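Trainee: Please find the sequence and the predicted model below.
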Amino acid sequence: MAHWFPGHMARAKREIAENIKLVDAVFELIDARVAESSRNPDLESLLGGRPRVLLLTKNDLADPRVTARWMEVWSGQGLSAVPVNAVTGDGLRAALHLARSLTEERRRRRFQRNLLPTPLRVMVVGIPNVGKSSLINYLSRRSPARVADRPGVTRGKQWIKVDREAQFLDLPGLLPPRGLSAVEAYRLAAVGALPEGHFDLMNTAGRLLLHLRQFYPGVVERRYGLTVADDTGSGGTPTDGGSLQQEVRNEPEEMRPADWRLLTAIGAKRGFLLAGGAVDLEKAARVLLKDFRTGVLGRIST
Ligand SMILES: Nc1nc2c(ncn2[C@@H]2O[C@H](COP(=O)(O)OP(=O)(O)O)[C@@H](O)[C@H]2O)c(=O)[nH]1
Ligand SMILES: [Mg+2]
């Protein structure tokens, strides 16, 4: 497995393990477009028994059918999940409501112990680029005051007071992704969750095109004004029977001819040409990825 975040893992885990003692619950932020690949399996062991709510961020960019499917899967595993927009705060109310009910017992015991008000205390955790800062910023803007904690209790941690009943630790837990298969790494690269320069641009664009052809036929052609190819896919849901996983696993690392042709067509249509007149495929790849990441291609999950 590639080490996308060398050296960060141990420190990240230590920090989360320390801060977890201060909170009643954890918001695990997951990119709704790459739901399973954007989770770190180590989080479970760091929670110390605290409940977590899964927040599916970038819900506004994700395919609602796929999000609904993941919600079902997690619900079957007894996990609470809420789709959110970390920038606008959409869905946050529901997530807070869930966290309050999941922590009722813990907070009651805390109250009985020291007879002080027991607001819900939450830590935000997630992989890079998933929306942690956006969520914290959103909460800060709505917060009447930033409160430094009582000295001696948590030694100068900053809390964002949402209301009298909820506070967020101002420091989100950054947990790098771990144990990625090649396919998962491509998915994370496509949504922009891996550091630039640490993945192959052309192969990432190629994988994305394969995925789009299979599950979102016609989307690329419509966006760039191309003739719709007749070798397009089923238009089924990406979670259907793991068919994509299967196909990709059997594929070589290089771009497939159909994806190469499509990328070339995008570049030609846009007039991205190199000095000698050949199509600038890298530029086409960058534009494609940007359009996917910003939702210009529509609500798409991988
Ligand atoms: N459309 C959309 N963009 C988001 C959402 N959450 C985060 N972003 C964008 O994703 C990028 C990374 O977000 P950031 O909060 O910095 O992620 P962090 O690395 O986890 O702190 C920024 O450009 C945000 O504006 C969301 O729910 N919807
Ligand atoms: Mg951040």
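Mentor: Sure, I can see it. Ligands and ions are numbered 1, 2, ... in the order given.

Trainee: Would you mind naming what in the stretch 101-250 of the chain lies close to ligand 1?
Mentor: Proximity of the stretch 101-250 of the chain to ligand 1, by CB under 6 Å from any ligand atom, involves residues 126, 128-134. For the C-beta atoms, the positions are set from N, CA and C on the backbone; glycine is no exception.

Trainee: Okay, K283 and ligand 1: tell me how far apart.
Mentor: 22 Å (CB to the nearest ligand atom, to the nearest Å).

Trainee: Does that residue touch F272 like I think?
Mentor: Yes: in this structure, K283 is within contact of F272 by CB atoms under 8 Å, at 4.3 Å.

Trainee: Looking at these two, which is more packed in?
Mentor: More crowded of K283 and F272, by other CB atoms under 10 Å: F272, with 19 against 16.

Trainee: and the more buried one, what pLDDT?
Mentor: Residue-level confidence at F272 comes out at 98, pLDDT.

Trainee: So it versus ligand 2, what's the distance?
Mentor: Relative to ligand 2, F272 is positioned 32 Å away (CB to the ion, to the nearest Å).

Trainee: Please, which helix or strand holds M123?
Mentor: Following DSSP states H and E, one finds M123 within strand 120-126.

Trainee: In contact with L274, which residues?
Mentor: Contact criterion CB atoms under 8 Å, 6 or more residues apart in numbering gives D280 as the residues in contact with L274.

Trainee: so how far is ligand 2 from it?
Mentor: Here the distance between L274 and ligand 2 works out to 36 Å (CB to the ion).

Trainee: any idea how far that residue lies from ligand 1?
Mentor: If you measure L274 against ligand 1 using CB to the nearest ligand atom, the figure is 30 Å.

Trainee: just V23 next, same as before
Mentor: 18 Å.

Trainee: And for the residue in the stretch 101-250 of the chain positioned nearest to ligand 2, the neighbour number?
Mentor: Proximity of the stretch 101-250 of the chain to ligand 2 (CB to the ion) peaks at S133, 3.3 Å away. Counted with other CB under 10 Å, the neighbours of S133 add up to 12.

Trainee: Could I get the phi/psi values of it?
Mentor: phi -60, psi -40 (degrees, to the nearest 10).

Trainee: got the contact list for it?
Mentor: With contacts defined as CB under 8 Å, 6+ apart, the neighbours of S133 are P172.

Trainee: Give me the domain ranges for the protein.
Mentor: 8-174, 200-293 (automatic domain parsing).

Trainee: Turn the ones you listed into CSV, columns for distance to V183.
Mentor: Shown next, in CSV, are the domains of the chain (distance: least, CB to CB, whole Å):
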stretch, distance to V183
domain 8-174, 8
domain 200-293, 5
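
Trainee: averaging pLDDT over each of those domains, which comes out lowest?
Mentor: When I compare the domains of the chain, domain 200-293 is least confident, with a mean of 84.

Trainee: Centre of the chain to that domain, how far?
Mentor: When C-alpha coordinates are averaged (CA atoms, centre = their mean, to the nearest Å), domain 200-293 and its chain have centres 22 Å apart.

Trainee: so where do the strands sit in the chain?
Mentor: Across the chain, reading from the start of the chain, the strands by DSSP state E fall at 25-31, 52-57, 80-83, 120-126, 146-148, 158-163, 166-169, 173-174.

Trainee: Identify the residues contacting stretch 19-30?
Mentor: 38-39, 43, 46-48, 50-57, 86, 95, 99, 102-103, 106-107, 110, 120-127, 130-132, 135, 154, 157, 169, 171, 173.

Trainee: Need the buried ones from those residues selected in PyMOL.
Mentor: The PyMOL selection below is limited to those of those classed as buried (16 or more other CB atoms under 10 Å):
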select buried, resi 38+39+43+46+47+50+51+52+53+54+55+56+57+86+95+99+102+103+106+107+110+120+121+122+123+124+125+126+127+130+131+132+135+154+157+169+173
